[in-house]
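Novice: sequence first, predicted coordinates after that:
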Amino acid sequence: MPANQVESREKLHSRARDVVEQHFSTLVEYSERLHANPELGWVEHQAAEWTAQLLEGHGFSVERGYLGFPTALRATFGTGTRRVGLMAEYDALPGLGHACGHNLISAMSCGAAAALAAVADQAGLTVELYGTPAEEGGGGKIELLKKGAFAGLDLALMAHPGPVDSAEANPYAVAHHHIEYRGQSAHAAAYPEQGVNANDAFVIAQVALGLMRQQLPAGTRVHGIQTNGGQAPNAIPGKTEGRWYVRAENLAALEQLDQKVRRCFEAGAHATGATLAITPESEPYSEFRTDARALEIYTRHAMALGRRFDAPAEQATMNRASTDMGNVSQVVPAIHPYIGLDCYPVSNHQPEFAEHCVGKAAEKAIHDGAVALALTALDYLVEGGAEA
């Protein structure tokens, strides 16, 4: 590469890093505000508005209610021919708040977007940030994809907090199901013969699932909770409900396993006479297709910031967590690295992990993630890593 081009690249890098430094306290404040005000999927109204306001402060044009989803947004800056998309997730977990660290995801992506906006004209970029609701089981990105979001991006990227750094996402494909049995309520002592016990149906299904586990293929998971098991011990439950997830290495394997899981739930209905309804909570999440060049660039920049990717394999298993970003990766080049909070054995979806998503380690993750994502986009797109 000619010396003047190297100098130009270094100037772009320097300006992007400076923007993150200049606005770092604002990014931390934004992250902590999200953390203190957790909102569940599809109702992240405050989070979406705060994100829109933050980006408008950096000159972005913001489409609120993007594609008809009240808590989705698309913010754009620049008119360049190369398009980079950053993903902001901001939904929380029921009862656990931001125990998956989506407040940090949004802060890192907003920081990277602001950094790239500062050099967009010189780099020939259009910078796009997508506020994507309902990642925790609602498949927000999938619904956006169905309406045409992300089409034509040259690169889509985000970073996700975890207990340790892990560069490459390797998530399971997953199906999310709402399970409902309907039977017939009756007095459990006086008229039990008149009842059809919907809770027994659930018990039978879970026994069948437990017995099936010894035949589960490697690289699969089946797990869930019963959310309604009845109302009173002296009333035979006439209705029970639950939420169940099925995971496999890819969508093809998921489809096969899902049929076996459904038969276990059908067994409960057959044995008791209850009726069964299995309703998808979203379309299945896909496995991830990582762009190798973008991942190499990200890893190099993250290591230059002091990040390490040598944690023992058992500590880096968060990279198996399912994500609707996998569906995006099937359409456009993408990466989804994990950025560590140095808190192992505490890990995502534990109450203690939410506590680690604020504080010094969380602040360093915001800084390093924003810088590494911005520099990755610059090197990938400006140096011609994507097909011209």
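Specialist: Noted; the coordinates are in hand. Numbers count the residues shown, from 1 in each chain.
Novice: rest of the way, CA atoms for contacts and neighbours
Specialist: Noted.
Novice: and Thr126, that's in a strand?
Specialist: Yes. The assignment for Thr126 (DSSP: H, G, I helix; E, B strand; the rest coil) places it in a strand.
Novice: show me what it bridges to in the sheet.
Specialist: Arg83 (DSSP bridges).
Novice: and the one 4 residues further on, by the same measure?
Specialist: With DSSP bridges applied, the residues forming beta bridges to Tyr130 are Arg74, Met87.
Novice: surely it touches Leu67?
Specialist: No. Tyr130 lies out of contact with Leu67 (C-alpha atoms under 8 Å); the separation is 11.3 Å.
Novice: between these two, which has more neighbouring residues?
Specialist: The residue with more neighbours, out of Tyr130 and Leu67, is Tyr130; 27 against 16, by other C-alpha atoms under 10 Å.
Novice: report the separation between that one and Met158.
Specialist: Tyr130 is 10 Å from Met158, where distance means C-alpha to C-alpha, to the nearest Å.
Novice: now the common contact residues for the two.
Specialist: Residues touching both Tyr130 and Met158 (C-alpha atoms under 8 Å, 6 or more residues apart in numbering): 86-88.
Novice: between these, which has the most around it?
Specialist: Neighbour max across the shared contacts of Tyr130 and Met158 (other C-alpha under 10 Å) = Leu86, 30 neighbours.
Novice: now for that residue: which residues touch it?
Specialist: Residues near Leu86 by C-alpha under 8 Å, 6+ apart: 109-110, 112-113, 128-130, 156-158.
Novice: swap the cut-off to 6 Å and go again
Specialist: Residues near Leu86 by C-alpha atoms under 6 Å, 6 or more residues apart in numbering: 109, 129, 156-158.
Novice: those in helices, which ones?
Specialist: Per DSSP state H, helices hold the following members of the contacts of Leu86: Ser109.
Novice: shaky segments in this protein?
Specialist: In the predicted model of the chain, residues 1-7, 383-388 satisfy pLDDT under 70.
Novice: can you give the domain ranges for it?
Specialist: Domain assignment of the chain by automatic domain parsing yields the ranges 3-171+286-382, 173-280.
Novice: just name the most buried of the ones you listed.
Specialist: Stretch with highest mean neighbour count among the domains of the chain: domain 3-171+286-382 (a mean of 21; mean count of other C-alpha atoms under 10 Å).
Novice: where's that one relative to the chain centroid, distance-wise?
Specialist: Taking C-alpha atoms, centre = their mean, to the nearest Å, the mean C-alpha location of domain 3-171+286-382 is offset from the chain mean by 10 Å.
Novice: picking that back up, which one among the shared contacts of Tyr130 and Met158 gets closest to Gly78?
Specialist: The nearest member of these to Gly78, counting by C-alpha to C-alpha, is Leu86 at 14.2 Å.
Novice: how near is the closest one to Gly59?
Specialist: For Leu86 relative to Gly59 (C-alpha to C-alpha), the value is 16 Å.
Novice: likewise Ala235?
Specialist: Distance from Ala235 to Gly59, counting by C-alpha to C-alpha: 61 Å.
Novice: now Ala48
Specialist: In terms of C-alpha to C-alpha, Ala48 sits 17 Å off from Gly59.
Novice: equivalent analysis for Leu153, please.
Specialist: From Leu153 to Gly59 the distance is 21 Å (C-alpha to C-alpha).
Novice: what of Trp50?
Specialist: Noted for Trp50: a distance of 15 Å to Gly59, by C-alpha to C-alpha.
Novice: again with Pro312
Specialist: 42 Å.
Novice: ditto for Arg83
Specialist: 17 Å.
Novice: how about His349?
Specialist: From His349 to Gly59 the distance is 35 Å (C-alpha to C-alpha).
Novice: ok, Glu255 next?
Specialist: Separation of Glu255 from Gly59 (C-alpha to C-alpha): 45 Å.
Novice: also Gly268?
Specialist: As judged by C-alpha to C-alpha, Gly268 and Gly59 stand 57 Å apart.
Novice: which residues in the stretch 51-200 of the chain form helices?
Specialist: 102-117, 120-123, 140-146, 198-212 (DSSP state H, counting those that start in this stretch).
Novice: specify the local secondary structure of Val246.
Specialist: Here Val246 is recorded as strand under three-state DSSP.
Novice: give me phi/psi at the nearest residue to it once chain neighbours are set aside?
Specialist: Leaving aside its sequence neighbours, Val246 sits nearest to Val222 (C-alpha to C-alpha, 6 or more residues apart in numbering; 4.7 Å). Per-residue torsions, Val222: phi -140, psi 120 (degrees, to the nearest 10).
Novice: name the element Ser25 belongs to?
Specialist: Element membership for Ser25 (DSSP states H and E) is helix 24-36.
Novice: elements contacting that helix?
Specialist: When contacts are defined as 3 or more C-alpha pairs under 6 Å, 6 or more residues apart in numbering; DSSP states H and E, helix 24-36 packs onto helix 102-117.
Novice: helices or strands next to the helix it packs on in the packing?
Specialist: Using 3+ C-alpha pairs under 6 Å, 6+ apart: helix 102-117 touches helix 3-22, helix 24-36, strand 82-89, helix 360-382.
Novice: quick one: contacts of that helix?
Specialist: With C-alpha under 6 Å, 6+ apart as the test, helix 102-117 has contacts from 16, 19-20, 27, 31, 34-35, 86, 88-90, 160, 366, 369-370, 373-374.
Novice: redo that, cut-off 7 Å
Specialist: With contacts defined as C-alpha atoms under 7 Å, 6 or more residues apart in numbering, helix 102-117 is touched by 16-17, 19-20, 27, 30-31, 34-35, 58, 77, 86-92, 127, 129, 158-161, 366, 369-371, 373-374.
Novice: next: stretch 180-189.
Specialist: 192, 194-198, 234-242, 274-278.
Novice: what does stretch 148-162 give?
Specialist: Residues from elsewhere that reach stretch 148-162 (C-alpha under 7 Å, 6+ apart): 82-87, 101, 104-105, 109, 318, 332-341, 347-348, 369, 386.
Novice: what helix or strand is Pro217 on?
Specialist: Applying DSSP H and E, one finds Pro217 in no helix or strand.
Novice: if I look at it, how far off is His176?
Specialist: 19 Å.
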